[in-house]
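# next comes the sequence, and after it the predicted model I'd like to discuss.
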Amino acid sequence: DGGITQSPKYLFRKEGQNVTLSCEQNLNHDAMYWYRQDPGQGLRLIYYSQIVNDFQKGDIAEGYSVSREKKESFPLTVTSAQKNPTAFYLCASSTPGQHNEKLFFGSGTQLSVL
Amino acid sequence: AQRVTQPEKLLSVFKGAPVELKCNYSYSGSPELFWYVQYSRQRLQLLLRHISRESIKGFTADLNKGETSFHLKKPFAQEEDSAMYYCALWGYQKVTFGTGTKLQVIP
């Protein structure tokens, strides 16, 4: 069960605190993604990165930040500006090439506010 | 903008009955469409993609560009099909998911 690893599995945030979710992949994929999963809302894209040192905002980037300093790592920081951070966060990476795209998902991190 | 719509949050069917999970999309280019499945306590995983025109676990999905739909079908539901199903569109550089449909197969 390797490939893409998220940690921790559960995370608790206090008011006004920034927390960072880890995502590491050993699949040699260029592209990586962060999604937020809420009941009844499906998966919503937070940020994505097609290549090292480059990333773009997704549909709900406000209150989040990312970095992509290494190909295998794409950490997500949930800042104090995110007013409703409680959710299940999924990281994914994708295979390259047209018509060969496939997303590989991590096992997720459940973030809760204390 | 790209958008995926799954109108049903929950679909309950009896074992052996046909299943159709609806998916409609909006995209200005030529879409790449997928179905992902999440079984209880498991990771989200690819079920099938339209480009492959494959049948996986008895499921099929046909891309209908005229109706902008990519409905997932199975002729006879099995209990092990109970899961969350997400339709996804691979547009320019990013993947957009629908809100998901929970399929409940009643024994």
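Right, received. Where do you want to start? Numbering: from 1, shown residues only, chains lettered A, B, ... in the order given.

# and residue A:90, how many neighbours does it have?
The tally of other residues near residue A:90 (other Cβ atoms under 10 Å in any protein chain shown) stands at 25. Using the backbone N, CA and C atoms, a C-beta is placed for each residue, glycine as well.

# can you tell me the element it falls in?
Taking DSSP states H and E as the definition, residue A:90 sits inside strand A:87-94.

# just name whatever secondary elements that strand is in contact with.
strand A:4-7, strand A:19-25, strand A:31-38, strand A:103-105, strand A:109-113 (3 or more Cβ pairs under 8 Å, 6 or more residues apart in numbering or on different chains; DSSP states H and E).

# residue A:90 against residue A:38, yeah?
No - using Cβ atoms under 8 Å, residue A:90 is not in contact with residue A:38, being 11.3 Å away.

# shared neighbours, those two?
Counting by Cβ atoms under 8 Å, 6 or more residues apart in numbering or on different chains, residue A:90 and residue A:38 have no common neighbour.

# what sits against the most centrally placed residue in chain A?
Centroid-nearest residue in chain A, with Cα atoms, centre = their mean: residue A:34, separated by 2.8 Å. Going by Cβ under 8 Å, 6+ apart, residue A:34 touches A:21, A:23, A:45-48, A:58, A:64, A:66, A:74, A:76, A:89-92.

# sorry, back to before: TSV for the helices and strands packed on strand A:87-94, including mean pLDDT?
Formatted as TSV, the helices and strands packed on strand A:87-94 follow (pLDDT from 0 to 100):
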stretch	mean pLDDT
strand A:4-7	95
strand A:19-25	97
strand A:31-38	94
strand A:103-105	90
strand A:109-113	93
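
# could I get those as CSV with distance to residue B:37?
As requested, those are exported to CSV (distance: least, Cβ to Cβ, whole Å):
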stretch, distance to residue B:37
strand A:4-7, 17
strand A:19-25, 21
strand A:31-38, 14
strand A:103-105, 11
strand A:109-113, 20
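
# contacting residues around residue A:40?
Contacts for residue A:40 (Cβ under 8 Å, 6+ apart) come out as B:9, B:99.

# any idea how far it is from residue B:95?
Per Cβ to Cβ, to the nearest Å, residue A:40 is found 20 Å from residue B:95.

# residue A:35 too?
Distance of residue A:35 to residue B:95, computed by Cβ to Cβ: 9 Å.
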